[in-house]
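# Please find the sequence and the predicted model below.
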Amino acid sequence: MAQGMIEVERKFVPGPDTEERLQELGGILEHRITFRDIYYDTPELSLMRADHWLRQREGSGWEFKCPGAGGSLGSHTEYVEVTAEPAIVSQLCEVLGTEILGAGGVADVLGPLGLQEVASFVTKRSAWKLVLPGADEEEPALKVDVDTADFGYAVGEVEALVHREAEVPAALEKIHRLSGMLGVPAQEKAPAKLIMYLQRFRPQHYQRLLEVYSSRAKKP
């Protein structure tokens with residue numbers, strides 16, 4: 001993925017016929033994979049409470065998701081994904097309010113920044129791509145991932161990647177259109193796997209996040 005791409009996504013609860021419906025709509029199954037994600041944060045969840053998410057995916061490396069201009073609105077979210085390790089280290093230092101550390105990789109700064117593992121789970125994913133009916137042949141395909149985590153939670157995600165903030169509304173329109181074709185209720189907002197993991201296995205962490213999001217929702 002190009003550095004600094006904006007990820008616009010919507011999560012949904014997959015049904016027993018979701019993949020069959022994707023196929024009927026012309027979707028192409030790119031692959032089925034299994035991977036482990038490990039999330040890191042401070043004991044106080046300084047990153048997550050600021051809506052920043054640091055993840056190491058086994059076999060794929062590090063990723064730092066930072067809120068886009070739109071943030072989390074309604075049934076969709078908008079993030080900038082940073083995957084180059086020097087950029088991740090720089091962003092981590094900025095979010096945590098520390099001086100810029102040396103030129104090492106992300107693993108080298110975990111200790112100095114007080115970051116520790118807060119979640120680890122395995123996901124089985126079916127990755128699809130689909131161009132909406134009637135769309136221009138050169139139009140980028142939407143991505144649809146159907147995931148099942150090893151702790152029994154299943155969630156789907158429709159995702160579009162754009163280069164500029166001005167492209168987000170059009171991407172969001174396509175995401176909602178495809179979601180409707182898949183039978184997803186208009187206002188449905190399914191929790192991410194990490195949130196469900198914390199709710200089940202790290203209830204104190206989950207409660208901390210709830211408090212932050214509740215206070216944000218009350219702001220005018």
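Noted; the coordinates are in hand.

# could you point out which element follows the helix or strand of the chain with the lowest mean pLDDT?
One helix or strand of the chain scores below all others by mean pLDDT, DSSP states H and E: strand 61-73, with a mean of 78. Scanning forward in sequence from strand 61-73 by DSSP states H and E, the next helix or strand is strand 76-82.

# strand partners of that following strand, parallel vs antiparallel please.
The strands beside strand 76-82 in its sheet (DSSP bridges) come out as strand 6-12 (antiparallel), strand 61-73 (antiparallel).

# Touching the shortest one from outside, list them.
This points to strand 6-12. 65, 68, 70, 75-81, 155-165, 167-168, 171-172, 175-176, 179, 182, 184, 188-192 (CB atoms under 8 Å, 6 or more residues apart in numbering). Any C-beta I mention is one placed from the backbone N, CA and C, and that applies to glycine too.

# gap between that strand and the chain center?
7 Å (CA atoms, centre = their mean, to the nearest Å).

# in the following helix or strand past that strand, what's buried?
The first helix or strand that comes after strand 6-12 along the chain, using DSSP H and E, is helix 18-24. Using 16 or more other CB atoms under 10 Å as the test for burial, helix 18-24 gives 18, 19, 22.

# Only the C-alpha atoms, please, for stretch 78-85, written as CSV.
Output of stretch 78-85 as CSV, limited to C-alpha atoms (Å, rounded to 0.1, in the frame of the first residue of the first chain):
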residue,chain,number,x,y,z
GLU,A,78,-11.7,6.8,8.2
TYR,A,79,-8.0,6.2,8.9
VAL,A,80,-4.6,6.9,7.4
GLU,A,81,-2.4,3.8,7.5
VAL,A,82,1.3,4.3,8.1
THR,A,83,3.5,1.2,7.4
ALA,A,84,7.0,2.6,7.0
GLU,A,85,8.7,2.0,10.3
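
# That one: which residues count as buried?
78, 79, 80, 81, 82, 83, 85.

# and the fourth one, bridged to which residues?
In this entry, residue 81 is beta-bridged to residue 65, by DSSP bridges.

# ok, residues contacting the longest helix seen in the chain?
In the chain, with assignment by DSSP state H, the single longest helix is helix 203-218. Here helix 203-218 makes contact (CB under 8 Å, 6+ apart) with 44, 45, 48, 49, 118, 195, 198, 199.

# Which single one of the buried residues of helix 18-24 is nearest to residue 97?
Of all the buried residues of helix 18-24, residue 18 has the smallest distance to residue 97: 42.3 Å, by CB to CB.
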